[in-house]
Every structure is written in structure tokens, then in C-alpha cells.
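*Asks:* Build me a model from this:
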Amino acid sequence: QADGYSVAKPRLLSTQCGEPSYTLHTRNTLHTQHTAMSQRQVLQVFEQYQKARTQFVQTVAELATRPQNIETLQNAGVMSLLRPLLLDVVPTIQQTAALALGRLANYNDDLAEAVVKGDILPQLVYSLAEQNRFYKKAAAFVLRAVAKHSPELAMAVVDCGALDALVISLEEFDPGVKEAAAWALGYIARHNTELAQAVVDAGAVPLLVLCVQEPEVALKRIAASALSDISKHSPELAQTVVDAGAIAHLAQMILNPDAKLKRQVFSALSQISKHSVDLAEMVVEAEIFPAVLTCLKDPDEYVKKNVATLMREISKHTPELSQLIVNAGGVAAAIDYIGDCRGNVRLPGIMMLGYVAAHSESLAMAVIVSKGVSQLAICLSEEPEDHIKAATAWALGQIGRHTPEHARAVAVANVLPKLLSLYMETETSEDLQVKAKKALKNILQKCTYLPALEPLLHDAPSNILKHVVGQFSKVLPHDSKARRLFVTSGGLKKIQEIKAEPGSALKEFINSINNCYPEEIVRYYSPGYSDTLLDRVEQYQPII
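*Replies:* Now for the predicted structure:
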């Protein structure tokens, strides 16, 4: 160089191909970093997509819990968007999609119909056999939600092969899966005999009886409910449940502290008992009386109502079964029960008293002695619902129809005028009018207690009046005190005012009553007699 200094050049290490080694190293590093970055970017897309799917199904499942959102979700096409997510690679997305579908289908039959038309059911049935326990619960929930709405939708669930998959699920180790399967089977069976028979034919009953014996209370409840839903349709289906040993296991749970379980137990026993004498006797032989009577005082209204229903279903069959309930203290307990509750909860207790009383004079007297008539009279006056009044009128008719003594016990409770007004009121239901009229006739045809009959002379229409006057015509010829009282109370005067067709039964009864009195007395009380007397006064010529 001009200035005498030379610049030393760096010595490069050569590689085989002649390229500097530090350049290659840098490039390799950059390439690795670039590859890792692009992998991250690619995976990030998938992660975002997974997050979006997860968020979507979770949000839809949450929105589907509120009724006000359902229509908007439906209009937005939520069903078609959820369907592919049932096959998602991520299990939690599958489960949440199924849960969301179940909540939507549960809401109304249109959405349940959409599940059927969307070909979703076969996928759910397949999943019941293949997937994990969480998905199985969700899939069974969807099947239940679809089946609950109508027999047609329940049949669609059966047609896609769900029963076998649900029955297999009853043998799962996980109690939650068993519960979900039992619930779905119960909802299918509850609609009609054909569907219940399909559930039985799939082999569900013995497994449901095993579920009743499991320690989990929730599973016991649902299994008992499913057995009840199967039993209710026919004696044959109830017999299938009995043959599987259900009664003994149900009877062991009647004093279980869990109210919801007791509801289902008493419901199942009622549904078995109602069909025949033999089935009712088998329930009674499980020695449920008198233990069940304590449950008539249970704080849970449904428990009380279901116990009363069980007693009604047993007592209706024979005098012997009714007598067994009477001997256990069942009538007195039922009367207390009617006094303690109001509305529809009263109804099975009222009907049970009617069934017991209908069987025989002695059983009707047991109801009377336990103060049943006065309690029924209270129900008749204070219940606003026509169907409850109708049942009460029917029960009073069954008590009073046996003998004059029975009829008097009903009459002194002052129910006859009330029955008459219910019959004559135009606003009351036809069923109530028919039942009130029938009860009135039943009691009147036996009643010889005249003070209770007399008010009816003034108010009753001719078809009821005939029975009232008929009773007076039977009693008055043999009772002088009653004849005198009949005159002083205005009864004889009222009789003369009745316009009866010549030759009719009513006219015959009036003639029989008039024959009990001197002619001048009858004439004195006949309409227009005072005018006749005044005419005679005017025409009378005094002797001066």
C-alpha cells in the first residue's frame, strides 16, 4: 500500500463444496426457525378452529337452556351446524354438541322432529355403543328428549335401533350412563302399550330391577319411574314387571328418606295394582300396610298423592282388599289426609273413600264412623274445581245408597241441598250435574229422615221431587209425629201446590200422602181454599 501498511484479509474456512461454513450454519438456523414458525402458524389455524368450534358448541348449549333463545337458534339453522360436530375429532366438542342438541330437542316437538329428519339418531345410537361414558350420557339424553314428545317421535327412536343400545347401556359400570339410559327407556315406554312392549322385548325390565337395587338414589328414582311407565299400560306388561321381582325391591323403599324416590316407588306400585285383583293382592302381600299410611303425612305433596292413589287402586278391586285397608287404619288416615290438603291432591283420597263405601254396608259404615261424611261435605262446599266436586258427590252417593241409616248419616251433614244446587246450576260441567243427580237419587231412595228432605220439596225439579215425595209417602203412613210435623212445617201445603200429571208416579205419591190426613185438612191446605172460605163468608146469611 501507498502508506506502507497492508490490510490483512480474514482467512475463510472452506467446506467441501467451497462455500464458507458460517454462511451454511446461519442458513440452516434460519431454515429451521422458518420451518418451526410455519408449523406454528399452521397449527395455530387448527387451534383457532378448534377453539371456535368449542366456543360455538358451548355457547349454543348455554343459550339452549333459555326458552327465549330457542326460536332464534332454530331460525339461524343451528341443527345443521351441530350435526357434523357430533363426529368431531375432539371428544368434548362431540359431547357438548350432543348436549346442545338434547336441550333443543327437549324444548318442542318441531326441534325433535328436526333431529329425526336430520338423520342424527343413527349416529347417536352408534355412539352409545362406541364412545366414552360422557358421550353416552349426552347421546341418551338426546334420545330421551326426542322420544318424550309423542308416540311417533318415540317410534322413530325405536326404529333407528336405540333400544338395544340403551339396554346395553343399563349394564355399564358408570351409574350416570345407566341413569341416562333408564330415563330414555322410560320416556319411550310411557306413550303406549306397543312402545312399552318394545322396551320389554329388548330385555330392559330385569336390568331396570337391578338398577333399583343400586346404591345411587338418582338411579333408583329413574329406574322406578321407568318400571312405572311400563306397568301402567296393561295387566300383561305389569305382570312382566312383577315377574322380574320388582314388587319386593320397590316395597323395601317405601320409607326411604328421599321424597323423589318415594314418589316413583308409590307410582310404580299404583300402576301395578290398578290392573287386577291378583296384581293388587301381590302388592299387598309385600306387607306395605300399615307402613305406607305414615307417608300420607309426608311433607311432599306428590308422595302423599301417590300413596292415596295406591290405596285407591287397591281398594277398588274387592271388599276384602278394602277391608284390609280399613283394618290397617287406612280410612281414618285417608280422611285426615283429605282434611290436610287442597285441590287435586285430595282427589285420590276422596275416590278411595267412595270405592271402599261402594263395596258393602259395613265398609260404608266404617267411612261414616270415621267422620268421613262431614269431611266430604267440606270438600263439596269449598272445592272450586268441578271434577273434584263430581268425585265428592259420587263418593257421598256410594256411602248413602245402602240403608236408611247410611242415607241419614249423609243427609244430616246437609249435603242434599248442595247436591241439588250443583245439579241445577247451569254453569257446572255436565259430568258434575250427572254425578250430583245420581248421588242425590241414590241417597233419596234410602232416606227416611224427613227433616233433611223437606227443604227439597220447595226447590227440586219434578224428576228429583218424585223421589223426595216418594220417601214421604213411605214414612208418613206409619209415623203420627211425622204427620203432625209435616203439617206444621208447611210440607202438606207444599204438596198440594205441586202440579203432577194424572197417573204419574208423582201423583200416586201425593195421593198416598193425602190419604194419611182427614179430607178437610187436605182441603184446608189446598190452593184456593181460603178464597172458597171467603166466598162462603160473603154468601152466608146471618140468622137475625
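*Asks:* so where's the protein shaky on pLDDT?
*Replies:* Within the chain, the ranges that satisfy pLDDT under 70 run 1-28, 30-31, 33-34, 528-540.
*Asks:* which stretches of it form strands?
*Replies:* In the chain, no strands are defined using DSSP state E.
*Asks:* hang on, isn't Ala393 packed against Ala436?
*Replies:* Yes: using Cβ atoms under 8 Å, Ala393 is in contact with Ala436, at 4.7 Å. The C-beta positions use only the backbone N, C-alpha and C, and glycine is treated the same way.
*Asks:* any common contacting residues for the two?
*Replies:* Residues touching both Ala393 and Ala436 (Cβ atoms under 8 Å, 6 or more residues apart in numbering): 419, 422.
*Asks:* Neighbour count: those two, which is higher?
*Replies:* Just comparing Ala393 and Ala436: by other Cβ atoms under 10 Å the higher neighbour count belongs to Ala393, 31 against 28.
*Asks:* which residues touch that one?
*Replies:* Ala393 makes contacts with 380, 419, 422, 432, 435-436, 438-439, as judged by Cβ under 8 Å, 6+ apart.
*Asks:* And Leu185, by the same measure?
*Replies:* Residues counted as contacts of Leu185 (Cβ under 8 Å, 6+ apart) are 163, 166-167, 170, 199, 204, 208, 226.
*Asks:* Most neighbours among the residues you listed, please name it.
*Replies:* Most neighbours among the contacts of Leu185, by other Cβ under 10 Å: Ala226, with 32 neighbours.
*Asks:* Ser421 versus that one, what's the distance?
*Replies:* 46 Å (Cβ to Cβ, to the nearest Å).
*Asks:* cool, Thr318 as well?
*Replies:* With distances taken as Cβ to Cβ, Thr318 is found 35 Å from Ser421.
*Asks:* And Met351, by the same measure?
*Replies:* Taking Cβ to Cβ, one finds Met351 at 22 Å from Ser421.
*Asks:* So those two - more neighbours on which side?
*Replies:* Each of Met351 and Ser421 has its neighbours counted (other Cβ under 10 Å); Met351 has more, 24 against 12.
*Asks:* Might one say that the more buried one is in contact with Ala390?
*Replies:* No: between Met351 and Ala390 there is no contact under Cβ under 8 Å: 10.4 Å.
*Asks:* Please identify every residue contacting each of those two.
*Replies:* What both Met351 and Ala390 touch, as defined by Cβ under 8 Å, 6+ apart, is an empty set.
*Asks:* what separates the lengthiest helix in the chain from the chain centre, distance-wise?
*Replies:* Secondary structure assigned by DSSP state H gives helix 21-63 as the longest helix of the chain. Taking Cα atoms, centre = their mean, to the nearest Å, one finds helix 21-63 lying 57 Å from the centre of the chain it belongs to.
*Asks:* again, but for stretch 438-457
*Replies:* Using Cα atoms, centre = their mean, the offset of stretch 438-457 from its chain centre is 36 Å.
*Asks:* Also stretch 477-493?
*Replies:* Relative to its chain's centre, stretch 477-493 lies at 52 Å (Cα atoms, centre = their mean).
*Asks:* first to last residue in it, what's the distance?
*Replies:* From its first residue to its last, stretch 477-493 covers 17 Å (Cα to Cα, to the nearest Å).
*Asks:* Can you give me the buried ones in it?
*Replies:* 482-483, 486, 491-493 (16 or more other Cβ atoms under 10 Å).
*Asks:* what number of residues lie near Thr318?
*Replies:* By other Cβ under 10 Å, the residues close to Thr318 number 14.
*Asks:* which residues touch the closest residue to it other than its chain neighbours?
*Replies:* Leaving aside its chain neighbours, Thr318 sits nearest to Val277 (5.7 Å; criterion: Cβ to Cβ, 6 or more residues apart in numbering). Val277 makes contacts with 317-318, 321, as judged by Cβ under 8 Å, 6+ apart.
*Asks:* Now Glu301. Nearest residue, chain neighbours left out?
*Replies:* Sequence neighbours aside, Val345 is the residue nearest to Glu301 in space, at 5.3 Å (criterion: Cβ to Cβ, 6+ apart).
*Asks:* any idea how far that neighbour lies from Tyr302?
*Replies:* Counting by Cβ to Cβ, the gap from Val345 to Tyr302 is 8 Å.
*Asks:* what's the answer for Glu508, then?
*Replies:* 54 Å.
*Asks:* ok, now Ile314?
*Replies:* Applying Cβ to Cβ to Ile314 and Tyr302 gives a distance of 19 Å.
*Asks:* Name the residue in these two with the higher neighbour count.
*Replies:* Set Ile314 next to Tyr302 and count neighbours by other Cβ under 10 Å: Ile314 wins out with 29 against 16.
*Asks:* Quick one: residues contacting the residue nearest to Lys418 when sequence neighbours are not counted.
*Replies:* Once flanking residues are discounted, Lys418 sits nearest to Leu380: 5.6 Å by Cβ to Cβ, 6+ apart. Applying Cβ under 8 Å, 6+ apart to Leu380 gives the contacts 389, 392-393, 396, 415, 418-419, 422.
*Asks:* Of those, which is the nearest to Ser370?
*Replies:* Checking the contacts of Leu380 against Ser370 with Cβ to Cβ, the nearest one is Leu396 at 14.5 Å.
*Asks:* That closest one: neighbouring residues, count only.
*Replies:* By the criterion of other Cβ under 10 Å, Leu396 has 33 neighbours.
*Asks:* just use 4 as the starting number from now, easier for me
*Replies:* All right, first residue 4 from here; so that's Leu399.
*Asks:* give the contact list for Ala247.
*Replies:* 208-209, 211-212 are the contacts of Ala247 under Cβ under 8 Å, 6+ apart.
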